[in-house]
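Asker: below is the structure, and that's it, no one-letter string:
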């Protein structure tokens, strides 16, 4: 898989993700201004509830479908597509009934009352839409329709924001829940139209064997994903309970945590979106382990090239980012940014290797690594939140990412017979050194706006490298 292709697909999906994130931050900005940190905390809890239930009901279909279709012989693809559609419909209905069953007990366990039961129900109705969107997106992804995925992502995010903003303004916490539901509905409708056009219903009939294949593959993906989603939710609950019966203070802290998590976790999503869209199907279809490892290393290098300026900007200009994206009063979220940024940086190494494990290795390995990641985060949070509050929760995220990346490097060495290549390691160390140096200099100067200088230099350098790689690839294609 050419390095230039990875860069192009990363830039394409990254552009779409940037639009999506801009819309999400506009929604968060309005909530922060109108309601404050508690509103952001509520939105984080609603999103975590939806993520948990979507993960449980989704049974890993978004990933197993891509692996199954991409790795199938051409004659079998239509049958695999039919199986994905059938299982996707069943899972969407399972998600709908799961919301109805769980909303009251989860609401009480989270808030110690039913004060937000209506809001949790409204937000939870987005779950079937999320599941259907995941199924249709997997069909587009497996078919290589990356450009269409990017267009649908941008269109749905804009539509979802426009129809959801008035509800936030007029209905407060209920409006937050409605905006989540409407955004998910818009995304589902736009993705459905694209999937019907580019991946229409297959003429082949669904077979029980194909559905069993998806279900069996989903077992490992399901376990790991559920543990990840539950651990994230438990950390938020620990933050809510850290002030005892003072729910307002707990919601405020959860809001600060959600604000920092959203900034650091979402902006680099511009980079990681290509990991699951174009990179993963190609790793699944690689002819041998050497080719798969080489593709993974190129993805790591491309991620470092594109993400380093973004992460450096967050490290050096975090206070400015919080004021710009949220509102006055969100200063307590600033100390959390550093831990989240370094966790994301470690994921630049860990996530591509994790996709390699999902695509090429056993289901047990997938479940094991996800379990270790989740358990590490919850155990660290249990110990650190009582002592350090939200700072402890952020460090728990960093610690789990560190252990995840280190274990995956060792695992890759064990099964492929080689360590991560010297070139990839040098890129990783150089990026880390430059980010750390920029962070230290900005702290010594004592003003966040000084961070614009190293960030701009990093951005220009990475842009020059990017365009040189693309130009060389175009020249080679022309000569061929």
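Answerer: That came through fine. Bear in mind that the values here come from a model prediction, so they are computed numbers and not experimental data.

Asker: least confident secondary structure element in the chain?
Answerer: helix 269-274 (a mean of 58; mean pLDDT, DSSP states H and E).

Asker: quick one: the strands in this structure?
Answerer: Here the chain has no strands by DSSP state E.

Asker: what's stretch 170-182 in contact with?
Answerer: Here stretch 170-182 makes contact (Cβ atoms under 8 Å, 6 or more residues apart in numbering) with 27, 31, 34-35, 39, 42-43, 46-47, 50, 116, 118-123, 125-126, 129, 160, 163-169. C-beta here means a position set from N, CA and C on the backbone, and glycine is covered the same way.

Asker: just the buried residues from those residues, in ChimeraX please.
Answerer: Buried residues among the contacts of stretch 170-182 (16 or more other Cβ atoms under 10 Å), as a ChimeraX selection:
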select :27,31,35,39,42,43,46,47,50,116,119,120,121,122,123,125,126,129,160,164,165,167,168
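
Asker: among the contacts of stretch 170-182, name the ones in helices.
Answerer: Members of the contacts of stretch 170-182 lying in helices (criterion: DSSP state H): 27, 31, 34, 39, 42-43, 46-47, 50, 118-123, 129, 160, 163-169.

Asker: how about the helices in the stretch 301-450 of the chain?
Answerer: 318-325, 334-360, 363-388, 390-416, 422-445 (DSSP state H, counting those that start in this stretch).

Asker: for residue 296, find the nearest of these.
Answerer: helix 334-360 (4.5 Å; Cβ to Cβ).

Asker: that closest one to helix 422-445, inter-axis angle?
Answerer: Per axes from the mean of the first three to the mean of the last three Cα atoms, to 10 degrees, the angle that helix 334-360 makes with helix 422-445 is 170 degrees.

Asker: next, the contact list for the closest residue to residue 250 other than its chain neighbours, please.
Answerer: What sits nearest to residue 250 in space, not counting adjacent residues and going by Cβ to Cβ, 6 or more residues apart in numbering, is residue 240, at 3.9 Å. By Cβ under 8 Å, 6+ apart, the residues touching residue 240 are 41, 45, 110-111, 247, 250-251, 253-254.

Asker: what's the separation between residue 240 and residue 213?
Answerer: Distance, residue 240 to residue 213, by Cβ to Cβ, to the nearest Å: 40 Å.

Asker: next, count neighbours for residue 418.
Answerer: Residues near residue 418, counting by other Cβ atoms under 10 Å, number 12.

Asker: count the residues that sit near residue 404.
Answerer: Neighbours around residue 404, by other Cβ under 10 Å: 25.

Asker: residue 189 too?
Answerer: 17.

Asker: for the nearest residue to it once chain neighbours are set aside, what are its contacts?
Answerer: Nearest residue to residue 189 in three dimensions, chain neighbours excluded: residue 156, at 7.5 Å (Cβ to Cβ, 6+ apart). Residue 156 makes contacts with 183, 186-187, 189-191, as judged by Cβ under 8 Å, 6+ apart.

Asker: let's go with 6 Å and repeat that
Answerer: By Cβ atoms under 6 Å, 6 or more residues apart in numbering, the residues touching residue 156 are 186-187, 190.

Asker: can you check residue 254 too?
Answerer: Contacts for residue 254 (Cβ under 6 Å, 6+ apart) come out as 41, 44, 236, 239-240.

Asker: please repeat the previous calculation with a cut-off of 10 Å.
Answerer: 37-38, 40-45, 48, 235-240, 242, 247, 390, 393 (Cβ atoms under 10 Å, 6 or more residues apart in numbering).

Asker: need the pLDDT of it.
Answerer: Residue 254 is assigned 81 on the pLDDT scale.

Asker: against residue 32, how distant is the residue lying closest to it once chain neighbours are set aside?
Answerer: Closest residue to residue 254 apart from its sequence neighbours, by Cβ to Cβ, 6+ apart: residue 41 at 3.6 Å. Distance, residue 41 to residue 32, by Cβ to Cβ: 11 Å.

Asker: what's the most buried one of the helices of the stretch 301-450 of the chain?
Answerer: helix 334-360 (a mean of 23; mean count of other Cβ atoms under 10 Å).

Asker: rewinding a little: the residue nearest to residue 254 touches residue 250, doesn't it?
Answerer: Yes. Judged on Cβ atoms under 10 Å, residue 41 makes contact with residue 250 at a distance of 7.8 Å.

Asker: so what sits against both of those two?
Answerer: By Cβ under 10 Å, 6+ apart, the residues touching both residue 41 and residue 250 are 236, 239-240.

Asker: and of those, the nearest to residue 442?
Answerer: For these, the nearest to residue 442 is residue 239 (27.9 Å; Cβ to Cβ).

Asker: for residue 253, see how far away that closest one is.
Answerer: Residue 239 is 5 Å from residue 253, by Cβ to Cβ.
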